[in-house]
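Colleague: quick one, what's the 3D model for this:
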Amino acid sequence: MSHNAAWSSHSHESSSYSSSHSSSASVSSESGMNFAIAGSTSLSREYYTSNKAHSFTWTNIPLNFQSQIAWFHKFLQSKGCSNAADARCKADIDNALFWLGALGVSDYFQIHSKSIVAMRGISQLCIHHTTQLLQTVLTEGAKHIVVQGLPPIGCFPVSISSCPPQQLDQMGCNSDINSAIDLHNKLLQKMIERFRRQFPQCTIIYANYWKAFLAIFNNPGNYNFKETKKACCGGGGGEFNFDRNSMRGTSGATKCSDPDSYISWDGIHLSGAMNKHLAELLLNKDYCEPPFSEMVNKKTSI
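Modeller: I've put the predicted structure just below:
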């Protein structure tokens, strides 16, 4: 599942996105555009620099969501659009699906060692920045938008492996991180409700990533998963197979023989099988609010 922003000008069956990194206006956008950045954060580079943040997942601090907004505007300019009412883009934007991914996941991975009070402050900052992103696409004329919540990353191997036993909840997950994520999602839903009132002509869906993840995590056998807290690819061994000094891609890392039976790919990213099941729940089951099918039916009836 994307942690960034994308748009698709086709139906919900389309999953092919072109790279937005090219400056060429000739890049095809018929199947959609993806403005994602690997490891992208909600909080600014300045925040991490001033707090002297060092991460086992970063070589350098990645670009944040502001770069995605800039790329989106640059893309519109490359199509010759001067503003939201410009006829050269209005039809495409009216017809497009905008999917705002789980913005903030990378931030919680980096600040997991902070106190719960500090994490709650970061939740509020992340929501403020997500608000800016949603405001941008709405101002540019978006009519069909999905805003994805965050999963309980306290249940990921990266979070559980470093968690003191007394901070584990009844599911065996990191309770401090999940408390911050829960607050984040509640704030996100309140923000979405404000935008729904402000833009009644638009359909804004909340994709309940938290609920969908736990539906699978707590019933793994129903989805053919055997390992819920252990990484498929890594060099840590033991209960979680996760070691920050021996992650996938390093000389000591190995891959499991059956990745589709693992929820986690490398302790941080989910497996392909998990992402497939999550997409099924979000797109075709009742894990979007309102259901994704309502947006599709409404759009096809126009």
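
Colleague: now the host helix or strand of Asp94: buried residues?
Modeller: If you go by DSSP states H and E, Asp94 is part of helix 87-95. Using 16 or more other C-beta atoms under 10 Å as the test for burial, helix 87-95 gives Cys89, Asp92, Ile93. Where C-beta positions appear, they are placed from N, C-alpha and C, glycine not excepted.

Colleague: after that helix, next one along is what?
Modeller: Sequence-wise, the next helix or strand downstream of helix 87-95 (DSSP H and E) is strand 97-100.

Colleague: describe which strands that following strand pairs with in its sheet and in which direction.
Modeller: Its sheet considered, strand 97-100 pairs with strand 5-8 (antiparallel), strand 144-148 (parallel) by DSSP bridges.

Colleague: ok, of the ones you listed, where does mean pLDDT dip lowest?
Modeller: With a mean of 51, strand 5-8 has the lowest mean pLDDT of those.

Colleague: any weak-confidence spans in the stretch 51-200 of the chain?
Modeller: Filtered on pLDDT under 70, the stretch 51-200 of the chain yields the residue ranges 51-65, 82-85, 88, 109-119.

Colleague: so which helix or strand takes in the closest residue to Leu187 other than its chain neighbours?
Modeller: By the measure of C-beta to C-beta, 6 or more residues apart in numbering, the closest residue to Leu187 outside its immediate chain neighbours is Ile127, 4.5 Å from it. Secondary structure from DSSP H and E places Ile127 in helix 116-139.

Colleague: quick one: list the elements packing against that helix.
Modeller: Contact analysis of helix 116-139 by 3 or more C-beta pairs under 8 Å, 6 or more residues apart in numbering; DSSP states H and E lists strand 5-8, helix 65-78, strand 97-100, helix 105-110, strand 144-148, helix 175-198 as its packing neighbours.

Colleague: sec struct for the residue nearest the centre of the chain, please.
Modeller: By C-alpha atoms, centre = their mean, the chain has its centre lying nearest to Ala102, at 2.2 Å. Classification of Ala102 using DSSP: H, G, I helix; E, B strand; the rest coil returns coil.

Colleague: that one and Trp210 touch, don't they?
Modeller: No. Counting by C-beta atoms under 8 Å, Ala102 does not reach Trp210; the two are 9.8 Å apart.

Colleague: common neighbours of these two, please.
Modeller: Gly149, Leu150, Pro151 (C-beta atoms under 8 Å, 6 or more residues apart in numbering).
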